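Asks: Output the structure for:
(chains A and B)
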Amino acid sequence: MDSVIVRELGPLLTAFVVIARSGSAISAEIATMMVNEEISALEMLGIDTLYLVVFPRIMGACMALMVLTVYFIAMGLLGGFCMGNIYAGLTFNDFQTYITREISFVDILGAVLKSAVFGVFIAAISIYYGFQAFSSTQIPQVTTKAVVSSISMLFILDIIMTLSFSL
Amino acid sequence: MQGIELKNITLRLNGHPVLMNISEVIPKGSFYYLMGTAGSGKSAFLKVINGLFMDIEGSVMVSGENIYKLSQKNMLEYHKKCSFVFQNSALISNMTIFENLSLYYFYHTSLNKNEILDKINPYLDLFNIDAEILQQRPYYLSTGQRMIFNIIRALLEDPEILFWDEPLSNLDQIEKKKVKKIIKARHSAQKTSILVTNDLDYGLSVADQVGVLHNGHLVTSEKPDNLLKSKNHVIKSLMNK
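Replies: Numbers count the residues shown, from 1 in each chain, chains lettered A, B, ... in the order given. So this is what the prediction gives:
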């Protein structure tokens, strides 16, 4: 169960939270900037929107997802210890021994790597759909599309990466 | 930078024709006034010259180069020489007014905060604006104030070509007078300006050349005096004759 939290649930559930909270926000924000001509204004100032709008959001989502995944895994394991302690009298030393036996450094590295890739794709998809809006009525549409596409892509990426790690 | 030449420009948005087969020459240093009814394609005309639309038919030649064939890097260089006063202000909403105004200097020069403030202050004095407002976000300001900062942002670049898309809208009479003075000053400085405004009398008084757009077609392009004598029914109806 612990390795499942580290390898699968941690990166995947954290990514779902980030899609719901940040992916939709990124998409809606950029769509609003498009509709209000803020993106055109940046271009007219000779500013490359890749550097001011796109890359910072991709970097932010990538790093946030890595940190949040580690946080999620730590909290998940801690929750497991608490339940074990309350219902089965599990001591911290036993828990520590069990964790170090079941979870390897490669598992944690894999989870962090997975979440980094998820972060890049979530931000990129959200930004892409944000740039597709040209009127205010399209803002909710592109936001929904961004969320749905991000979730679909997340499953595909997860399968590919899990298979790659297991080889 | 030489003049601007549009050759057979056609623009369609969602399959709907916005500009149809437009050819026009705007000499360097001239003041071009574009008039037309609402929805005739005036703002689209300005944006086409700026390369803000991806898919157009025809070419826009600036300094002998088709701007739609420019690389991304060269397009940004071209944009550094132009400024655009947007109809709806288009201030970046997640930045303060100061950040909005200093964006150009921040990215393209090595000026520090105080030096940028020195550039902004004369405009604040001109429009009697309290410097504290620079720390506000655009959505706390009135539409008139946003328009003023939109104009200041464009002027701070001291561009070779300035596009004015309804710069007088949402301004009170005093502010309008000040903006009109600024527009005239640019004209006197022989810098290329292209103006779209519903203030017909002002547009005609300041322009060297006037283009008339109607349903996406450029009906005529003449000197203001010739336009006033025109018998064309579109021009007559625009001028309420």
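Asks: List the buried residues of the longest helix that chain A contains.
Replies: With secondary structure taken from DSSP state H, chain A has its longest helix at helix A:55-88. In terms of neighbour count (16 or more other C-beta atoms under 10 Å in any protein chain shown), helix A:55-88 has its buried residues at A:57-58, A:61-62, A:64-66, A:68-70, A:72-73, A:76-77, A:80-81, A:84. Where C-beta positions appear, they are placed from N, C-alpha and C, glycine not excepted.
Asks: Same check on stretch A:128-146?
Replies: Neighbour-count burial for stretch A:128-146 flags A:128-131, A:133, A:138-139, A:142-143, A:145-146 (criterion: 16+ other C-beta under 10 Å).
Asks: same check, this time on stretch B:222-241
Replies: By neighbour count on 16+ other C-beta under 10 Å, the buried set for stretch B:222-241 is B:222, B:227, B:230, B:234-235, B:238.
Asks: any idea which of these is closest to chain A?
Replies: For the buried residues of stretch B:222-241, the closest approach to chain A (C-beta to the nearest C-beta) belongs to B:Leu238, at 26.0 Å.
Asks: quick one: low-confidence parts of chain B?
Replies: For chain B, residues meeting the criterion pLDDT under 70 lie at B:1-2, B:241.
Asks: So which residues on it come close to chain A?
Replies: Residues of chain B lying near chain A by C-beta under 8 Å from any C-beta of the partner chain: B:47, B:50, B:52, B:72, B:76-77, B:79-80, B:82-84, B:86, B:88, B:90-94, B:103-104, B:107-108, B:153, B:157.
Asks: Now with 7 Å, please.
Replies: Residues of chain B found near chain A (C-beta under 7 Å from any C-beta of the partner chain) are B:50, B:52, B:76-77, B:79-80, B:82-84, B:86, B:88, B:90, B:92-93, B:103-104, B:107-108.
Asks: Give me every residue in chain A lying close to chain B.
Replies: Listed as neighbours of chain B in chain A under the rule C-beta under 7 Å from any C-beta: A:36-38, A:40-41, A:43-48.
Asks: How about the residue of chain B found nearest chain A, nearest residue that isn't a chain neighbour?
Replies: Chain B approaches chain A most closely through B:Lys80 (3.6 Å), counting by C-beta to the nearest C-beta. In space, and not counting its chain neighbours, B:Lys80 is closest to A:Gly46: 3.6 Å by C-beta to C-beta, 6 or more residues apart in numbering or on different chains.
Asks: For the residue sitting nearest the centre point of chain B, give me its contacts.
Replies: The residue lying closest to the centre of chain B (C-alpha atoms, centre = their mean) is B:Phe163, at 1.8 Å. Contacts of B:Phe163 were listed using C-beta atoms under 7 Å, 6 or more residues apart in numbering or on different chains, and they are B:46, B:50, B:82, B:84-85, B:194.
Asks: which residue ranges form the helices in chain B?
Replies: Going by DSSP H, chain B shows helices at B:42-49, B:72-80, B:97-108, B:113-126, B:143-156, B:173-188, B:200-206, B:224-228, B:233-238.
Asks: So which elements touch the longest one?
Replies: Counting contacts by 3 or more C-beta pairs under 7 Å, 6 or more residues apart in numbering or on different chains; DSSP states H and E, the secondary-structure elements packed against helix B:173-188 are helix B:143-156, strand B:192-196, helix B:200-206.
Asks: Excluding its own residues, what touches it? List them.
Replies: The contact list for helix B:173-188 (C-beta under 7 Å, 6+ apart) reads B:31, B:126-127, B:144, B:148, B:151, B:155, B:162, B:164, B:167-168, B:171, B:193, B:195, B:202, B:206.
Asks: Widest-spaced pair of those residues?
Replies: Distance extremes for these: the farthest pair is B:Phe31 and B:Gly144 at 24.4 Å, using C-beta to C-beta.
Asks: out of the two, which sits in the more crowded spot?
Replies: A count of neighbours by other C-beta atoms under 10 Å in any protein chain shown puts B:Phe31 above the other of B:Phe31 and B:Gly144, at 24 against 14.
Asks: Buried ones in stretch B:121-134, by neighbour count?
Replies: Quick answer for stretch B:121-134 (16+ other C-beta under 10 Å): B:123-124, B:127, B:129, B:134.
Asks: Let me see the contact set for B:Gln209.
Replies: By C-beta under 7 Å, 6+ apart, the contact list for B:Gln209 reads B:30, B:32, B:221, B:223.
Asks: my bad, A:Tyr129
Replies: By C-beta under 7 Å, 6+ apart, the contact list for A:Tyr129 reads A:27, A:142, A:145-146, A:149.
Asks: what's the helix or strand for it?
Replies: A:Tyr129 belongs to helix A:105-130 when assigned by DSSP states H and E.
Asks: after that helix comes which helix or strand?
Replies: helix A:138-166.
Asks: next one: that next one to chain centre, how far?
Replies: Its chain's C-alpha centre and that of helix A:138-166 lie 10 Å apart, by C-alpha atoms, centre = their mean, to the nearest Å.
Asks: I'd like the mean pLDDT over that helix, please.
Replies: Summarised as a single mean, pLDDT over helix A:138-166 is 93.
Asks: What residue in chain A comes nearest to chain B?
Replies: Residue of chain A nearest chain B, by C-beta to the nearest C-beta: A:Gly46 (3.6 Å).
Asks: how about that residue, secondary structure?
Replies: Under DSSP: H, G, I helix; E, B strand; the rest coil, the three-state class of A:Gly46 is coil.
Asks: residues in contact with it?
Replies: Residues near A:Gly46 by C-beta under 7 Å, 6+ apart: B:76-77, B:79-80, B:108.
Asks: Go through the residues you listed and single out the one with the most neighbours.
Replies: Neighbour count (other C-beta under 10 Å) singles out B:His79 as the most crowded of those, with 25 neighbours.
Asks: Looks like it contacts A:Leu42 (just checking).
Replies: No. Using C-beta atoms under 7 Å, B:His79 makes no contact with A:Leu42, being 9.4 Å away.
Asks: where does chain A dip in pLDDT?
Replies: Applying pLDDT under 70 to chain A flags residues A:1-2.
Asks: what's stretch A:68-83 in contact with?
Replies: Under the contact criterion C-beta under 7 Å, 6+ apart, stretch A:68-83 has outside partners A:2, A:5-6, A:9-11, A:13-14, A:18, A:90, A:95, A:99, A:111-112, A:115.
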